[in-house]
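1. Need the 3D shape of this:
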Amino acid sequence: MTTIRLTMAQALIRFLDRQYISVDGVETKFVTGVMGIFGHGNVTGIGEALERSPGDLVYVQGKNEQGMAHAATAYAKQANRRRIYACTSSIGPGALNMVTAAGTATVNRIPLLLLPGDNFASRQPDPVLQQMEVGSDYTVSATDCFKPVSRYWDRIVRPEQLMSAALNAMRVLTDPAETGAVTLALPQDVQTEAYDYPASFFEKRVHYVERRVPTAAALVRAVQLIRSKKRPLLIAGGGVRYSEATAELKAFAEAFGIPVGETQAGKGSLPWRHPLAVGGIGVTGGLAANKLAKDADLIIGVGTRYSDFTTASKSAFSNPEAEFLNLNVNAMDAAKLEGAALAADAKTALIALKEALQTEGYSAGYADGEVAAVRGEWEAEIDRLYALEREDGLAQTRALGVINETIDPRSVIVCAAGSLPGDLQRLWRAEEPANYHLEYGFSCMGYEVSGAFGAALAEPDRDVYAVVGDGSYLMLHSELVTSLQEGRKITVLLFDNHGFQCIHNLQRGHGSDGFGNEFRYREAATNRYTGSYLPVDFAGHARSLGAATYTARTTDELRAALVAARQETRTTLIEIPVLPGTNTDGYESWWNVGVPEVSESDKVVAAHAEMKRQIGLAKPY
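-> Now for the predicted structure:
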């Protein structure tokens, strides 16, 4: 057997450089490169390997470990999970900074390979700098924190263990049903230890993604269920995008006259103009989809995990005859809501189901013009909100309307948290899934700027916009600098509404007078944040980092800034002061957030009573 003597870190880098993925006969290099921040724990191991023998892997220098891991997640999402960046960190705080990003990737079913440094396996310098000393279990380190947020976790304490661990990592990363964060904890001494690895370990390896087809029996059951229903509603989830099944979804909906609602991850599966596209559904959904959901007798979920936002805390579907048919490659998702499971790839399932239903001569029983009527009502409401003018400042919905109408329709918008995701799911007119990049499984504040950078890495020929509130921007904006360093322009659209206004609205909607959510000075009389708003110069801040900047306080200024920003060659930030509370609200939807049963406030007690009433109307499990 031919062997190659390498350190474990060198072997890992060489292995990653030789991994490919094949989908429908199209072969793609799976690992583009490594994002990293070096410290003790990885600089002399993986750092040396990347410096001396990176192969074709590209090294990207992060500025914050969480930020770079968000960028890697966004890169994989924008690349439809066909390409990834791995992320390496030092031990201790450097590693722990990536835990949030690991949760974000896993919840959203996005492949993310994390390579944090770890304690010395030999324990010779024990305890090493930043080591967690757990007296009850000395094998525990900071990297154990990745276990609950990873789909696969391993610690390599001998260099030869890399071989089985790396293969398991690739198995999970390339599996559409199992993918998420994969963590390989790498003790810093083991990274530098040499081993005679078999040369075959470094040969080109292609991971074939086979499209799972529905079983004949499951298909028969699905057809029987659909044939018994007259008012089916399709829900397009992220699985439609990752399966590249938009054409099949469109053909299926058109063949049987079934309207299509969409989740955040599935938005754009049908172009917004399509006569069967009824927009976002659930808590952040709009009138059209939510009205149809109430009377639907069958909900056909395609590639959705049915989060509480999608189901409006299981209250969206009030027809007592309503049943669920779940097309999903993931068995857990396919079984949700007591649904009939069609466990299969979205594309193959839609094709097979369409052929079987056409043989049966099925068509939905919606009245002529019914879907068009609810669509027309909702489109008129979007037009109203887009045109909303205020004398006292710029309304958030008006600003979004100007942006939607001004930027190139092929542009990518990236968002994650605050009131903006709700406004975007309701109001944004998306042409295709690739235009709409929302991380809403974890709704992780701080994803937006990092995610925009990752999306720009994946699609350098598209304009990429981070749509971000001031709260999220303050939490994490470090990869703005990396975008400048890499020459990958992004445009940050910063909505300044003086705080965490989304939660402020939620709080006040459940009996509070407003507490702790606005960016105000502490007032001596109340000893609370009840003073005037903090004046933060966001444009000045971004300019100090090297970005081009604009400030837009009116619709005309915003339109002009968008046009000017497109001509800029470097990362640009447009600061957009908007009036607090001018976001959209729920449209015939409800969200169970829990309200205190006992309170000194009558408003809170009343809100609790209303919550209990709504729970009584919702599906209990």
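
2. how about the strands in the stretch 451-600 of the chain?
-> Using DSSP state E, counting those that start in this stretch, the strands found in the stretch 451-600 of the chain span residues 464-469, 491-496, 548-551, 572-577.

3. now the shortest one, how far from the centre of its chain.
-> From the chain centre to the centre of strand 548-551 is a distance of 27 Å (Cα atoms, centre = their mean, to the nearest Å).

4. Which neighbours in the sheet does it have, and how are they oriented?
-> Using DSSP bridges, the strands paired with strand 548-551 are strand 572-577 (parallel).

5. Could you give the average pLDDT over the strand it pairs with?
-> The average of the pLDDT scores along strand 572-577 is 98.

6. immediately after that strand, which helix or strand?
-> Downstream of strand 572-577, the next assigned helix or strand under DSSP states H and E is helix 602-617.

7. Quick check: buried residues in that following helix?
-> 604, 605, 607, 608, 611 (16 or more other Cβ atoms under 10 Å). For every residue, glycine as well, the C-beta is placed using N, CA and C.

8. Please apply the same query to stretch 489-509.
-> Neighbour counts over stretch 489-509 (16+ other Cβ under 10 Å) mark 489-502, 504-505, 507 as buried.

9. for stretch 473-487, same thing?
-> Neighbour-count burial for stretch 473-487 [16+ other Cβ under 10 Å]: 473-484, 486.

10. and of those residues, the nearest to residue 410?
-> residue 483 (19.3 Å; Cβ to Cβ).

11. Spit out the contact partners of that closest one.
-> Contact analysis of residue 483 by Cβ atoms under 8 Å, 6 or more residues apart in numbering lists 452, 453, 456, 489, 490, 571.

12. The same query, at a cut-off of 7 Å, please.
-> By Cβ atoms under 7 Å, 6 or more residues apart in numbering, the contact set of residue 483 is 453, 456, 489, 490, 571.

13. Might one say that the second one is in contact with residue 463?
-> No: counting by Cβ atoms under 7 Å, residue 463 is not a contact partner of residue 456; they are 8.8 Å apart.

14. which one of the two has more residues nearby?
-> With neighbours defined as other Cβ atoms under 10 Å, residue 456 and residue 463 compare such that residue 456 has more, 29 against 17.

15. In contact with residue 26, which residues?
-> Applying Cβ under 7 Å, 6+ apart, no residues contact residue 26.

16. what about it, distance to residue 41?
-> Using Cβ to Cβ, to the nearest Å, one obtains 37 Å as the distance from residue 26 to residue 41.

17. For the protein, give me the ranges with low pLDDT.
-> Along the chain, the model assigns pLDDT under 70 to no residue.

18. Can you pull the domain assignment for it?
-> 3-209, 216-374, 387-498+534-577 (automatic domain parsing).

19. Which one of those lies nearest to residue 596?
-> By Cβ to Cβ (comparing all of these), the closest turns out to be domain 216-374, at 17.6 Å.

20. Just give the closest residue to the most centrally placed residue in the chain, not the sequence neighbours.
-> The centroid of the chain falls nearest to residue 439 when counting by Cα atoms, centre = their mean (2.2 Å). Spatial nearest neighbour of residue 439, excluding adjacent residues (Cβ to Cβ, 6 or more residues apart in numbering): residue 416 at 4.2 Å.

21. What count of nearby residues applies to that neighbour?
-> 30.

22. Which stretches in the stretch 51-200 of the chain count as strands?
-> 58-61, 84-89, 112-118, 152-155, 181-187, 194-198.

23. Give me the residues contacting the third one.
-> Which is strand 112-118. With contact meaning Cβ under 7 Å, 6+ apart, strand 112-118 is reached by 41-42, 46, 69, 72-73, 76, 84, 86-91, 95, 98, 101-102, 105, 141, 143, 146, 155, 169, 173, 181-188.

24. Now which of those residues would you call buried?
-> Judged by 16+ other Cβ under 10 Å, buried ones among these: 41-42, 46, 69, 72-73, 76, 84, 86-91, 95, 98, 101-102, 105, 141, 143, 146, 155, 169, 173, 181-188.

25. quick revisit: hmm, the residue nearest to residue 439 is touching residue 443, no?
-> Yes: with contact defined as Cβ under 7 Å, residue 416 reaches residue 443; the gap is 6.0 Å.

26. one step back: which one among the buried residues of helix 602-617 gets closest to residue 163?
-> residue 611 (53.4 Å).

27. before we move on, back to that, considering the contacts of residue 483, which is situated nearest to residue 34?
-> residue 453 (15.4 Å).

28. pretty sure that closest one contacts residue 481?
-> No: assessed by Cβ under 7 Å, residue 453 is found out of contact with residue 481, at 9.6 Å.

29. Contact partners for the residue lying closest to residue 444 once chain neighbours are set aside?
-> With sequence-adjacent residues excluded and distances taken as Cβ to Cβ, 6+ apart, residue 444 is closest to residue 104, at 4.7 Å. Residues near residue 104 by Cβ under 7 Å, 6+ apart: 70, 73, 439, 442, 444, 447.
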